[in-house]
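**Student:** have a look; sequence and predicted model below, questions after that.
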Amino acid sequence: MGPIVQISLDVTTIDEAIEMAQIAVDAGVDWIEAGTPLILGEGLHAVAALRKAYPNHPIVADLKTMDGGYLEAEMMAKAGATHVVVMGVACPATIRAVVKAARKYGIKVMGDILGSADPVLCAKLLEENGVDYVIVHTGFDERGEDPSKTPFDDLQRVVEAVSIPVQAVGGLSLEQAAMMPQYGAPLVVVGAPLVIDNKAFRPSTDADELRTILKHLVDKVKGREG
């Protein structure tokens, strides 16, 4: 598959999410993610609002499902999600339940290997149970305790172990994110608000600068830089 750029809306209100999403769409971002903080803050109303505002864009609902897989995937699909996220450390039955619901509703499943003791084994398990994408994820808290942790720790081994597309996320700089397709991970995701050199770029204060940054990223990922 060709490179895809996804914006993760890690904000807590629908108004913030729509504002940020519009900037990202204007910059050429392909996929919109309702981040976990947004779903916690607004529930699946956030997914529905994004679907209404952007009827033609894929929308990822990052609820990080651990149990009750069929019902959660069904609810996210009905709200308008085209992609849902199940955790690789969930019971395999939960992974299969999410996949079963996804097949019924015509959506895709992303499997997140965050927290797994054996990332390669976890990624292979996800693929064997039918997920469509694998997320190599180094968590916020994990990086907080050990800043040396990065998705690069496991990325190459996971890419070599599975045949489905891979996404890497967690503490990557924009330059590192833009290079992900070169490492075999065509799904490039950046979190919003963007944090660069300890400055958080929020649409209400830095809309033009944020749009410029995202457009540069999109152009670089898609090889459109001059």
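**Tutor:** That came through, no problem.
**Student:** what about the strands in this structure?
**Tutor:** With DSSP state E as the criterion, the chain has strands at 4-9, 31-34, 59-65, 83-87, 108-112, 133-137, 166-169, 187-192, 194-196, 199-201.
**Student:** how about the helices in the chain?
**Tutor:** For the chain, the helices defined by DSSP state H cover 14-26, 36-42, 45-53, 69-79, 92-105, 119-128, 140-145, 152-161, 174-178, 203-221.
**Student:** put together CSV for the ones you listed, with mean neighbour count and distance to Gly191 on each row.
**Tutor:** Any C-beta I mention is one placed from the backbone N, CA and C, and that applies to glycine too. Below are the helices of the chain laid out as CSV (neighbours: other CB atoms under 10 Å; distance: least, CB to CB, whole Å):
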stretch, mean neighbour count, distance to Gly191
helix 14-26, 21, 10
helix 36-42, 18, 10
helix 45-53, 20, 16
helix 69-79, 21, 20
helix 92-105, 19, 23
helix 119-128, 19, 21
helix 140-145, 11, 10
helix 152-161, 16, 17
helix 174-178, 17, 10
helix 203-221, 17, 12
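**Student:** now mean pLDDT too, for these, in JSON lines please.
**Tutor:** Putting those into JSON lines (pLDDT from 0 to 100) gives the following:
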{"stretch": "helix 14-26", "mean pLDDT": "95"}
{"stretch": "helix 36-42", "mean pLDDT": "96"}
{"stretch": "helix 45-53", "mean pLDDT": "98"}
{"stretch": "helix 69-79", "mean pLDDT": "98"}
{"stretch": "helix 92-105", "mean pLDDT": "98"}
{"stretch": "helix 119-128", "mean pLDDT": "98"}
{"stretch": "helix 140-145", "mean pLDDT": "90"}
{"stretch": "helix 152-161", "mean pLDDT": "95"}
{"stretch": "helix 174-178", "mean pLDDT": "89"}
{"stretch": "helix 203-221", "mean pLDDT": "87"}
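**Student:** any idea which of those helices gets closest to Ala168?
**Tutor:** The closest of those to Ala168 is helix 152-161. By CB to CB, the value is 5.3 Å.
**Student:** quick one: work out the angle between that closest one and strand 133-137.
**Tutor:** Helix 152-161 and strand 133-137 meet at an angle of 160 degrees, taking axes from the mean of the first three to the mean of the last three CA atoms, to 10 degrees as the criterion.
**Student:** before we move on, back to that, same list (the strands of the chain) but as CSV, adding mean pLDDT.
**Tutor:** Output for those, formatted as CSV (pLDDT from 0 to 100):
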stretch, mean pLDDT
strand 4-9, 95
strand 31-34, 97
strand 59-65, 97
strand 83-87, 98
strand 108-112, 98
strand 133-137, 97
strand 166-169, 94
strand 187-192, 88
strand 194-196, 65
strand 199-201, 66
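**Student:** with distance to Ile23 and mean neighbour count added, can I get the ones you listed in a markdown table?
**Tutor:** A markdown table is the format used below for these (distance: least, CB to CB, whole Å; neighbours: other CB atoms under 10 Å):
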| stretch | distance to Ile23 | mean neighbour count |
| --- | --- | --- |
| strand 4-9 | 9 | 24 |
| strand 31-34 | 11 | 27 |
| strand 59-65 | 16 | 25 |
| strand 83-87 | 21 | 26 |
| strand 108-112 | 23 | 23 |
| strand 133-137 | 24 | 26 |
| strand 166-169 | 20 | 24 |
| strand 187-192 | 8 | 24 |
| strand 194-196 | 10 | 15 |
| strand 199-201 | 10 | 14 |
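**Student:** now the ones you listed in a markdown table, with distance to Leu214?
**Tutor:** Shown next, in a markdown table, are the strands of the chain (distance: least, CB to CB, whole Å):
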| stretch | distance to Leu214 |
| --- | --- |
| strand 4-9 | 7 |
| strand 31-34 | 12 |
| strand 59-65 | 17 |
| strand 83-87 | 20 |
| strand 108-112 | 21 |
| strand 133-137 | 21 |
| strand 166-169 | 16 |
| strand 187-192 | 8 |
| strand 194-196 | 8 |
| strand 199-201 | 9 |
